[in-house]
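Trainee: Sequence and predicted structure below; questions after.
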Amino acid sequence: MIRFLLRRLVNYVVLCFLAVFFTYVLASLTFDPISLLKAHKPPPPAATIADKVHQLHLDQPIPQRFLTWFTSVLHGNFGDTVYGSAIAPDVWERAGVSFRLFLFGTIFAVVLGVLVGVSGAVRQYRFSDYASTFLSYILIAMPVFVLGTLLKYGATELNYATGSSFLLFTGETTPGFTGSFGAEIWDRFRHLILPTIAIGLGPAGAAYYSRYQRNAMLDVLGADFLRTAAAKGLRRGRVLYRHGLRVALIPMAALFTYGFATMIVGGPFTERIFGWYGMGDWLIIGIQTEDTNLTATVTLFVAVCVLVSGLLADLAYAALDPRIRI
Amino acid sequence: MILDEDAAAHPPTDDRGPSAPSASRGALVWRRLRRNKMAIAGAVIIVLLFVAAFTYTWYWPWSYTQPDLTAFLTAPSGTHVFGTDNDGFDLFAETMRGLQKSLIIGLLVAVLSTGVSALVGSVAGYFRGWADWLITAIVDLLLTLPGFLILAVLSPTFRGKTWLLFVLLIAAFNWMITARIVRGMTLALKEQEFVRAARLMGLPSWRVISRHILPQITSLLIVDATVNVGGAILTETSLSYFGFGIQPPDISLGTLIANGTSSALTFPWLFFIPAGFLVVTVLAVNMVGDGVRDAFDPSSTRGARRADRRELRAERRAARAAGRDS
């Protein structure tokens, strides 16, 4: 069991490194921050440009640039942006912002998806099954930038209709908000609701899990071992959840890593729409300013998130399927 | 969007049911598809959208390049059915133009990426060796790195170039999962007698692949291409939303929605109309995709004759009732 997880860990770390390496190289090849600088009016003097080239290490070959950057990352320094400010001081805060979004979004998506999927399978062809199928079809067809804006629109209307301002949708805290610890948590919670729903219902969110869970559960419902469990006199709830769901969850563990990597893509959209300053926002800035260090830093964050999700999926897999543990 | 890992585990089998002893497989699939009301509805919607989008210049007085300088930001009315944007452009013309782009890109990407998956997957499975190793490694790597991220990083390379390059790049990061499934199926098919016979007869490898292996997995490829269209449209609009895809002066549904997002509360038509078209398009495409998949899947009940379905449902209900009583 430990050996299985260790082997997977090594595999993931190698993939992580390769992912960051390839992104760094691709970004170095396609990005041309100097041309953006040259486009300024009036054009900066040649000495300034030469300085910039040197400062961004553009006079070195790409593999050497990567090595310089990567060794400094290992020392906790993520390099400078194209404007010359250090990346490192903001990394942890931004990573925290995005991580919180992904964490709650994933929990919301998985729990809701599994519940809806199982209830759809157990109540197949009833009204609730048709209703949830219909809804999940619409959600699968709806990109997160449409869903997020719709939620924002709906929240404004709701706040207006109820005359309250319970749902907050700009930033992750109220600027200048001070209060007791409890009040601060409450303030953050109110800011968190809509973005979590947006990312949890977005691509590879609850709708994705519910469709697969429904199919997996339907397969299990027709299996012989479930009939045996019922025949030996177990109650229906126990048959369905202890014997059925446990087996039907196994394929979901395999889907989880891929689903998570897809869900992360919703990050930049959600952060931009709800005014969060996280990694997704940085990715967009990094690409718009053609900033290799910034983009590679975000890629490293994404790769580490996917790594953690992969390990979690492996753990869940081992916990659900006893054959793995041998 | 929806991937079918199951397909790898169950290679397609001939499904000549007792109801149609003489019908060919194609005719059977076609009949099942025709009986599926959702799929037909989806197909009708797509055809209507296609015709409306590509012929709009014939029946619509306004063009997406000609602003109406007497109407800025007007709400939907008689002259401008969908209203106008802040530069006086007719939103109907813009939406139709955007729809053209999104539809054609979705179709091209789906066909291309399925072609690549077929090629790569069958080559990897057939030749094994280093090609197999390399392809498996690439697939693993690209599953860790979200395609959106790489495409966004690559966006400076196709800025200002033809949109066909954009199509090629989306397709280049969209084939991995299917290639993996095709590889698995090729591994299984390679050991079958008819393939071994073909090889022993001295046929060159490319001919064995094209004549004996690929025809066996056509159904998977057709399903994959159909299912991919929706995902491709979403990828295109997501990238265009941030300006990483189709760029002004050209229009896609993504750029239109991005323009409308900031004014969704004040000028709702600018957001809701293009967003509605996008969701309806992807929904219709997915309905057809699921219909095609069910038509090819012998174990599926959707699209089966209603009497059969009722019988099956009654059977399941009886089994469930039996499970409850005992």
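Mentor: Structure's in. What do you need? Numbers count the residues shown, from 1 in each chain, chains lettered A, B, ... in the order given.

Trainee: Name the residue closest to the centre of the chain, please.
Mentor: Chain wasn't specified; assuming chain A. Closest to where the C-alpha atoms of chain A average out (Cα atoms, centre = their mean) is A:Ile264, at 2.8 Å.

Trainee: I was thinking of chain B, sorry if that wasn't clear
Mentor: B:Val229 (1.7 Å).

Trainee: Go ahead and confirm that one touches B:Ala284.
Mentor: No - B:Val229 lies out of contact with B:Ala284 (Cβ atoms under 8 Å); the separation is 9.9 Å. In short, each C-beta sits where N, CA and C put it, glycine included.

Trainee: Quick one: name the residues of the stretch 51-200 of chain B near chain A.
Mentor: B:140-141, B:143-146, B:148-150, B:152-157, B:177 (Cβ under 8 Å from any Cβ of the partner chain).

Trainee: Could you tell me which of those count as buried?
Mentor: Among these, those classed as buried by 16 or more other Cβ atoms under 10 Å in any protein chain shown are B:140-141, B:143-146, B:148-150, B:152-156, B:177.

Trainee: Can you tell me which of these is nearest B:Trp58?
Mentor: B:Ser155 (33.8 Å; Cβ to Cβ).

Trainee: name the element the closest one belongs to?
Mentor: Per DSSP states H and E: B:Ser155 is located in helix B:147-158.

Trainee: for that helix, packing partners?
Mentor: Contacts defined by 3 or more Cβ pairs under 8 Å, 6 or more residues apart in numbering or on different chains; DSSP states H and E place helix B:147-158 against helix A:2-30, helix A:279-288, helix A:292-320, helix B:163-172, helix B:218-241.

Trainee: quick one: average confidence on that helix?
Mentor: Regarding helix B:147-158, the rounded mean pLDDT is 88.

Trainee: The residue lying closest to A:Ala95 once chain neighbours are set aside and B:Leu256, how far apart?
Mentor: Counting by Cβ to Cβ, 6 or more residues apart in numbering or on different chains, A:Phe301 is the residue found nearest to A:Ala95 once chain neighbours are left out, at 5.6 Å. Counting by Cβ to Cβ, to the nearest Å, the gap from A:Phe301 to B:Leu256 is 31 Å.

Trainee: can you check B:Asn286 too?
Mentor: Noted for B:Asn286: a distance of 21 Å to B:Leu256, by Cβ to Cβ.

Trainee: same question, A:Asp219
Mentor: Using Cβ to Cβ, which is the criterion applied here, A:Asp219 is 42 Å from B:Leu256.

Trainee: Same drill for the two, tell me which one is more crowded.
Mentor: B:Leu256 (29 against 15; other Cβ atoms under 10 Å in any protein chain shown).

Trainee: Let me know whether the helix or strand that contains that one sits next to chain A.
Mentor: Secondary structure assignment for B:Leu256, by DSSP H and E: helix B:253-261. Yes - using Cβ under 8 Å from any Cβ, helix B:253-261 reaches chain A at B:257-258, B:261.

Trainee: ok now stretch A:70-79, how far from the chain's centre?
Mentor: Distance, stretch centre to chain centre, for stretch A:70-79: 24 Å (Cα atoms, centre = their mean, to the nearest Å).

Trainee: Also stretch B:64-81?
Mentor: Put simply, stretch B:64-81 sits 33 Å off its chain's centre (Cα atoms, centre = their mean).

Trainee: thinking again about what came up before, elements contacting the helix holding B:Leu256?
Mentor: Packing partners of helix B:253-261 (3+ Cβ pairs under 8 Å, 6+ apart): helix A:144-162, helix B:91-127, helix B:218-241, helix B:268-296.

Trainee: Compare those helices and give me the one nearest A:Leu6.
Mentor: Counting by Cβ to Cβ, A:Leu6 lies closest to helix B:91-127 out of these; the figure is 27.6 Å.

Trainee: helices or strands up against the helix or strand that the closest one is followed by?
Mentor: Counting by DSSP H and E, the next helix or strand C-terminal to helix B:91-127 is helix B:129-144. With contacts defined as 3+ Cβ pairs under 8 Å, 6+ apart, helix B:129-144 has these neighbours: helix A:2-30, helix A:250-264, helix A:292-320, helix B:91-127, helix B:176-190.

Trainee: ok, 7 Å please
Mentor: helix A:2-30, helix A:250-264, helix B:91-127, helix B:176-190 (3 or more Cβ pairs under 7 Å, 6 or more residues apart in numbering or on different chains; DSSP states H and E).

Trainee: Can I get the ones you listed in CSV including mean pLDDT?
Mentor: Shown next, in CSV, are the helices and strands packed on helix B:129-144 (pLDDT from 0 to 100):
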stretch, mean pLDDT
helix A:2-30, 89
helix A:250-264, 84
helix B:91-127, 91
helix B:176-190, 88
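
Trainee: mind putting those helices in CSV, distance to B:Gly243 included?
Mentor: What follows is these, written out as CSV (distance: least, Cβ to Cβ, whole Å):
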stretch, distance to B:Gly243
helix A:2-30, 15
helix A:250-264, 20
helix B:91-127, 14
helix B:176-190, 26
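
Trainee: Quick check: which of the ones you listed is nearest to B:Val279?
Mentor: So among the helices and strands packed on helix B:129-144, helix B:91-127 is nearest, using Cβ to Cβ, at 11.8 Å.

Trainee: Against which helices or strands is the closest one packed?
Mentor: helix B:37-54, helix B:129-144, helix B:163-172, helix B:176-190, helix B:218-241, helix B:253-261, helix B:268-296.

Trainee: where among those is the average confidence lowest?
Mentor: Among those, helix B:129-144 scores lowest, at a mean of 82.

Trainee: Using CSV, write down the CA coordinates of that helix.
Mentor: The C-alpha coordinates for helix B:129-144 follow below in CSV (Å, rounded to 0.1, in the frame of the first residue of the first chain):
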residue,chain,number,x,y,z
GLY,B,129,8.0,-0.3,-28.5
TRP,B,130,9.3,3.2,-28.2
ALA,B,131,6.5,4.8,-30.2
ASP,B,132,4.0,3.4,-27.6
TRP,B,133,6.2,4.5,-24.7
LEU,B,134,6.5,8.0,-26.1
ILE,B,135,2.8,8.4,-26.9
THR,B,136,1.8,7.1,-23.5
ALA,B,137,4.2,9.6,-21.8
ILE,B,138,2.8,12.5,-23.9
VAL,B,139,-0.8,11.5,-23.1
ASP,B,140,0.1,11.3,-19.3
LEU,B,141,1.8,14.7,-19.4
LEU,B,142,-1.0,16.4,-21.3
LEU,B,143,-3.6,15.1,-18.9
THR,B,144,-1.7,16.8,-16.1
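
Trainee: Just give me how far that helix sits from the chain centre.
Mentor: With Cα atoms, centre = their mean, you get 24 Å for helix B:129-144.

Trainee: Contact partners for the residue in the stretch 51-200 of chain A that chain B sits nearest to?
Mentor: As assessed by Cβ to the nearest Cβ, chain B sits closest to A:Ala141 within the stretch 51-200 of chain A, at 3.9 Å. Counting by Cβ atoms under 7 Å, 6 or more residues apart in numbering or on different chains, A:Ala141 touches B:230, B:279, B:282-283, B:286.

Trainee: Check it and give its pLDDT.
Mentor: 90.

Trainee: With A:Ile284 instead?
Mentor: pLDDT for A:Ile284: 93.
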